[in-house]
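Asker: Curious how this folds, go ahead:
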Amino acid sequence: METLEQIRDRIAAQFGAGAVTLVTNPGPAAQHSLLLASHAARDIARFLRDDPGLRLDFCSNATGVDWPDKEIVETTKTTQPDPAGGPAKVVETKTKRLQPGCLEAVYHLYSMALKSPAPVIIRLRTVNRTDDVTLPSLTPVWRSCEFQEREIYDLYGIVFTGHPDLRRILMWDEFKDHPMRKDYVSPDDYEWEPTPHDDVLERAKAHYPAPSASTTQTPEVTK
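Answerer: Numbers count the residues shown, from 1 in each chain. Okay, the predicted model is just below:
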């Protein structure tokens, strides 16, 4: 199997340098990945599946990732001379910028034909987390993506164009939110919890009707 850098270079040669970016993972797993431009993602996926040297014919896993807006602090250093003729001083200047958030779909690919020992990981990224959350479905390339893309749609809100049956798979149709988003707030009173208890009960009490005087009055004891 070719290295991820070699695969990136071959994709870039065929689809353009802007179609693929190598994303490194600094963690202990060091599972680096390829970020594909959404406009070319399905054609690149077919290339990865059909190329004789790769034959990535099986998608074992597809999942979502939520990247909220993030404040980035950048530090720049400048050298300023001392007006008194002393040694120059190094001055640090910190600036803040907002890195817009996005959603990602991440796919782990294997070659069953070539018995690849490790996955090739590809990812697709939405423009933002609000009104531009559409990505091309890869189910037409790898059939095993169908239910997993439905799960991503359900829990993260990514809309996969070209999916054969895009609908919720865990939550009910009328559910309005996406529970795996990092800013998701769970409701206080769960409609499907007939006997709330523990912390759910404590949150639910805020929505219970106030007790009437007749229910709180202490009954008289007859002797």
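Asker: Can you give the distance of stretch 177-190 from its chain's centre?
Answerer: Distance, stretch centre to chain centre, for stretch 177-190: 16 Å (C-alpha atoms, centre = their mean, to the nearest Å).
Asker: right, I mislabeled it, should have said stretch 13-27
Answerer: Centroid separation for stretch 13-27 versus its chain: 18 Å, with C-alpha atoms, centre = their mean.
Asker: Straight-line length of that stretch, end to end?
Answerer: 29 Å (C-alpha to C-alpha, to the nearest Å).
Asker: Contacts for it, please.
Answerer: Contact with stretch 13-27 is made by 4-5, 8, 11-12, 31-37, 40, 43-44, 47, 123, as judged by C-beta atoms under 8 Å, 6 or more residues apart in numbering. Using the backbone N, CA and C atoms, a C-beta is placed for each residue, glycine as well.
Asker: Buried members of those residues into PyMOL, please.
Answerer: Typed into PyMOL, the line below selects the buried ones among the contacts of stretch 13-27, using 16 or more other C-beta atoms under 10 Å:
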select buried, resi 4+8+11+32+33+34+35+36+37+40+43+44+47+123
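Asker: List the ones among the contacts of stretch 13-27 that fall in strands.
Answerer: In strands, defined here by DSSP state E, the members of these are 33-36, 123.
Asker: Pick out the most distant pair among those.
Answerer: Comparing every pair within those by C-beta to C-beta identifies 33 and 36 as the most remote, at 9.6 Å.
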